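Peer 1: coordinates for the following, if possible.
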Amino acid sequence: MSDPVKIVIVDDHAMFRRGVAAELASDDSVEVVGEAADVDEAVAVIAERSPAVVLLDVHLPGGGGVEVMRRAPGPLFLALSVSDAAEDVIGTIRGGARGYVTKTITGPELVAAIHRIAEGDAVFSPRLAGFVLDAFAGSIDVAAVDEDLDRLSEREREVMRLIARGYSYKEVAKELYISIKTVETHMSAVLRKLQLSSRHELTRWASDRRLL
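Peer 2: Next up, the predicted model:
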């Protein structure tokens, strides 16, 4: 029997990291050897533990997932993110990730994705693969999307996408592990920065830019 694939989980939400680690613990073909909550921690843990695959959130304190890949280029990276927006997927793949899946993935699907990444394959959720193909075919103007989103912080982007998809403030708070009051604050900032006046306008704005 081959050795288990060594994994490091990088995500700024402790509850999510624990949940993923618990899910993976039931499969002896993978082994979680470390966790990290931000870029600096991730770089240190990767250097110390030498994982084969890193499960990497896109939005992290200290520079984001792309910064982790730049500073710790040794392992293979699989993005595991709440975001399925085109610019996040494309930017992360350009940054060096071998695959990108969303946090709706099941435990068995995640284990299978880890093994495929470890074996050198590229792994994408079906919808996300289309984004990558469209980007490299030139049908998505990534630069224009980036210019709009540069006005928003990483957390504001997460809130914006969920609200635009029809999530309630309570649902967004639960998804992102923040308070409802914090969601309201971020939403006010999003509307102000994008010069929009309502959730309806935000949904149309996001849809026009293929962010949903």
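Peer 1: quickly list what the residue nearest to the spatial centre of the chain is bridged to.
Peer 2: For the chain, the residue nearest the mean C-alpha position is Ser81 (2.5 Å; Cα atoms, centre = their mean). For Ser81, the beta-bridge partners are Thr102 (DSSP bridges).
Peer 1: so what's it up against?
Peer 2: 57-59, 65, 88, 92, 100, 102-103 (Cβ atoms under 8 Å, 6 or more residues apart in numbering). To be clear about C-beta, it is placed using only N, CA and C from the backbone, and glycine gets the same treatment.
Peer 1: okay if I get those residues as a markdown table plus pLDDT, distance to Lys174 and neighbour count?
Peer 2: Formatted as a markdown table, those follow (pLDDT from 0 to 100; distance: Cβ to Cβ, whole Å; neighbours: other Cβ atoms under 10 Å):
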| residue | pLDDT | distance to Lys174 | neighbour count |
| --- | --- | --- | --- |
| Asp57 | 94 | 17 | 25 |
| Val58 | 90 | 19 | 24 |
| His59 | 86 | 17 | 17 |
| Gly65 | 91 | 23 | 28 |
| Asp88 | 81 | 21 | 27 |
| Thr92 | 87 | 24 | 25 |
| Tyr100 | 94 | 23 | 29 |
| Thr102 | 89 | 16 | 16 |
| Lys103 | 87 | 13 | 17 |
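Peer 1: closest one of those to Ile9?
Peer 2: Asp57 (8.9 Å; Cβ to Cβ).
Peer 1: which one is that closest one nearest to, not counting chain neighbours?
Peer 2: Asp11 (4.3 Å; Cβ to Cβ, 6 or more residues apart in numbering).
Peer 1: where does Lys6 land in three-state SS?
Peer 2: On the three-state scheme (DSSP: H, G, I helix; E, B strand; the rest coil), Lys6 is labelled strand.
Peer 1: next helix or strand past the lowest-mean-pLDDT helix or strand in the chain?
Peer 2: In the chain, no helix or strand scores lower on mean pLDDT, DSSP states H and E than helix 142-149, which sits at a mean of 60. Next along the chain after helix 142-149, taking DSSP states H and E as the criterion, comes helix 154-164.
Peer 1: buried ones in the longest helix seen in the chain?
Peer 2: If you go by DSSP state H, the chain has its longest helix at helix 180-194. Under the neighbour-count criterion of 16 or more other Cβ atoms under 10 Å, helix 180-194 has 183, 186-187, 189-191, 193-194 buried.
Peer 1: return the distance of that helix from the chain's centre.
Peer 2: 21 Å (Cα atoms, centre = their mean, to the nearest Å).
Peer 1: also stretch 23-38?
Peer 2: On the basis of Cα atoms, centre = their mean, stretch 23-38 sits 17 Å off its chain's mean C-alpha point.
Peer 1: need the distance between the two termini of it.
Peer 2: 21 Å (Cα to Cα, to the nearest Å).
Peer 1: what comes up buried for that stretch?
Peer 2: By 16+ other Cβ under 10 Å, the buried positions in stretch 23-38 come out as 23-24, 27, 30, 32-38.
Peer 1: need the max-distance pair from the residues you listed.
Peer 2: Maximum pairwise distance in the buried residues of stretch 23-38, criterion Cβ to Cβ, is 27.0 Å, between Asp27 and Asp38.
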